[in-house]
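Q: no sequence for this one, just the structure:
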């Protein structure tokens with residue numbers, strides 16, 4: 001049995017790159033979600049809905065980041081599970 005070290009290194013590099021990308025996307029999603037805000041502001045309770053365009057854009061960015069993470073996870077499961 002012979003180990004093809006070049007191929008093993010390629011798989012390791014790709015796995016590391018995708019892992020870092022997913023962690024960064026998830027972190028950006030959490031940061032954007034926090035920026036969208038859903039708690040009280042200036043002592044006034046909020047109804048959970050964004051008030052201005054910036055908060056709506058942050059919520060959209062958060063949703064896109066989480067959707068990208070979900071897509072990568074779903075693809076990984078599809079590759080692993082036969083059928």
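A: Structure received. Model, not experiment: these values are computed from the prediction.

Q: Nearest spatial neighbour of the residue nearest in space to the middle of the chain, chain-adjacent residues omitted?
A: Most central residue of the chain, judged by C-alpha distance to the mean C-alpha position with CA atoms, centre = their mean, is residue 26 at 3.0 Å. In space, residue 26 comes closest to residue 69 once its chain neighbours are excluded; the distance is 5.1 Å by CB to CB, 6 or more residues apart in numbering. (C-beta placed from N, C-alpha, C; glycine too.)

Q: Enumerate every residue touching the one you found.
A: Taking CB atoms under 8 Å, 6 or more residues apart in numbering as the definition of contact, the neighbours of residue 69 are 22, 25-26, 29.

Q: and what of residue 36?
A: With contacts defined as CB under 8 Å, 6+ apart, residue 36 is in contact with 50, 55-56, 58-59, 62.

Q: Which helix in the chain has the most residues?
A: Selection of the longest helix in the chain by residue count, based on DSSP state H, yields helix 5-36.

Q: And it, how far out from the chain middle?
A: 9 Å (CA atoms, centre = their mean, to the nearest Å).

Q: So for it, what gets flagged as buried?
A: Under the neighbour-count criterion of 16 or more other CB atoms under 10 Å, helix 5-36 has 22, 25, 28-29, 32-33, 36 buried.

Q: Can you pull the poorly scored residue ranges out of the protein?
A: Low-confidence segments of the chain, defined by pLDDT under 70, are located at 38-51.

Q: which non-adjacent residue is nearest residue 18?
A: residue 72 (6.7 Å).

Q: That neighbour: neighbouring residues, count only.
A: Here the count is done by other CB atoms under 10 Å, and residue 72 has 16 residues near it.

Q: do the same with the one 10 residues further on
A: Using other CB under 10 Å as the criterion, residue 82 is surrounded by 5 other residues.
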